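*Asks:* any chance you can model this:
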Amino acid sequence: MLLYEPQVFQSFWIAAVVLIIVFSGSVVQAGLGMGFGLVVGPLLALIDPVLVPVPALFIGSTTAIMGSLSESKNIAWSEVGVGMMGRMSGIIVGSFLLVSLTSKSTFLLVFGIIILSAVILSIAGWRLAFTVKNLFAMGTISGFTGVITSVGAPPLALIYQDRPAEQTRATLSTFFAIGGVASLVVLYSIGWARIDHFYLALFMAPAAALGTWYGQKIRGRFVSRYRGFLLAIAAVASLSLIIKGLS
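*Replies:* This is a model prediction of the structure:
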C-alpha cells in the first residue's frame, strides 16, 4: 500500500488545478457516458499519486451514477450484466497486481503504461463486433485497468462505437457506476484505500457535480470539439508518468 500525504491542501493553486481537472473530466463523462478516468486519472497522478485510483474512482462513480439516473430509460440491463461479470474478474486480477506495487516509482510506471495503452486504443479507431463474448472480454480488461488507474472506458469503446448514442451513454454510465463501486469495495477490502481518500473525494465532489450538470447541457457537441485535445493531454501526461517512474 502506498502511503502519501496529500499535497492538494497545501497550496491554493494546486487545489484550484485539481478542481478544474475534475470539472473537465465530469463534463466528458456526462457528455459521453465514459471518459472521466482517461481525462482525470493521469493528470491527478502527476499532481499527487494519492489522488488515484481511490478518490478518482469515488468521483468517477458518482458522476456515472448521476448520468445513469438521468437516462435510466435507455439502459440496456442485459449488457450491463454481461459487462459486470467480466469487470469483476478484471478487478480481482488487477487488485492482486496493485498490492504488489509497493514503491511510488513502480506505481507511476505501471499507471503511465496503462494510461498510454488506453490512449492508443482510443485513437487507433479499432472496432470489435458487439457480441456477448467481446462484451465480457472488454469488461474484464476494463475492470483490470479501472481498479489500478480508475480508467476503464477505452476497452469498452472498441465495441460500443457503432451503437446508438443514447443507449450507449446510459448503459456505460450504469456499468461504470456499478463497476466503480465494486472496485472501491475491493480496494478497501485489500487495505489499499483509506478514509482520507474519501475526504479527498468530498473535496472534489462540487467540481464533479458542476461538470456533470454542464456536460449534460452541451451533450452531443462534445466529441468533435474536444476529444482529440483531451486525448493529447492524456498521452502527454502518461508519458510524463512513465518518465517519472523510470527516474
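
*Asks:* which parts of this structure are helices?
*Replies:* Ranges of helices in the chain, per DSSP state H, are 12-32, 36-47, 54-70, 77-100, 104-124, 132-149, 153-160, 165-189, 195-217, 222-246.

*Asks:* for the lowest-mean-pLDDT helix or strand in the chain, packing partners?
*Replies:* In the chain, the helix or strand scored least confidently by mean pLDDT, DSSP states H and E is helix 222-246, which has a mean of 84. Packing partners of helix 222-246 (3 or more CB pairs under 8 Å, 6 or more residues apart in numbering; DSSP states H and E): helix 12-32, helix 36-47, helix 104-124. From N, CA and C alone the C-beta is placed, and that goes for glycine too.

*Asks:* go through these and pick out the most buried.
*Replies:* For the helices and strands packed on helix 222-246, the largest average neighbour count (mean count of other CB atoms under 10 Å) is found in helix 36-47, namely a mean of 28.

*Asks:* residue contacts, the closest residue to residue 245 other than its chain neighbours?
*Replies:* Spatial nearest neighbour of residue 245, chain neighbours left out: residue 109 (2.7 Å); criterion: CB to CB, 6 or more residues apart in numbering. Residue 109 makes contact with 241-242, 244-246 under the criterion CB atoms under 8 Å, 6 or more residues apart in numbering.

*Asks:* how many other residues sit next to residue 73?
*Replies:* Counted by other CB atoms under 10 Å, the residues lying close to residue 73 total 8.

*Asks:* excluding chain neighbours, what is closest to it?
*Replies:* Closest to residue 73 by CB to CB, 6+ apart is residue 170, at 7.7 Å.

*Asks:* returning to that earlier point: do you know which of the helices of the chain lies nearest residue 6?
*Replies:* helix 195-217 (6.0 Å; CB to CB).

*Asks:* can I get that closest one as CSV, trimmed to CA atoms?
*Replies:* Taking C-alpha atoms only, helix 195-217 is exported to CSV below (Å, rounded to 0.1, in the frame of the first residue of the first chain):
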residue,chain,number,x,y,z
ILE,A,195,-10.6,7.1,5.0
ASP,A,196,-8.6,10.1,3.8
HIS,A,197,-9.2,9.1,0.2
PHE,A,198,-12.9,9.6,0.9
TYR,A,199,-12.2,13.1,2.3
LEU,A,200,-10.2,14.0,-0.8
ALA,A,201,-13.2,12.8,-2.9
LEU,A,202,-15.5,15.0,-0.9
PHE,A,203,-13.3,18.0,-1.6
MET,A,204,-13.5,17.3,-5.4
ALA,A,205,-17.3,16.5,-5.4
PRO,A,206,-18.6,20.0,-6.0
ALA,A,207,-16.5,20.4,-9.1
ALA,A,208,-17.7,17.0,-10.3
ALA,A,209,-21.3,17.9,-9.8
LEU,A,210,-20.9,21.2,-11.6
GLY,A,211,-19.1,19.5,-14.5
THR,A,212,-21.8,16.8,-14.8
TRP,A,213,-24.5,19.5,-14.9
TYR,A,214,-22.7,21.4,-17.6
GLY,A,215,-21.8,18.3,-19.6
GLN,A,216,-25.4,17.3,-19.8
LYS,A,217,-26.3,20.7,-21.2
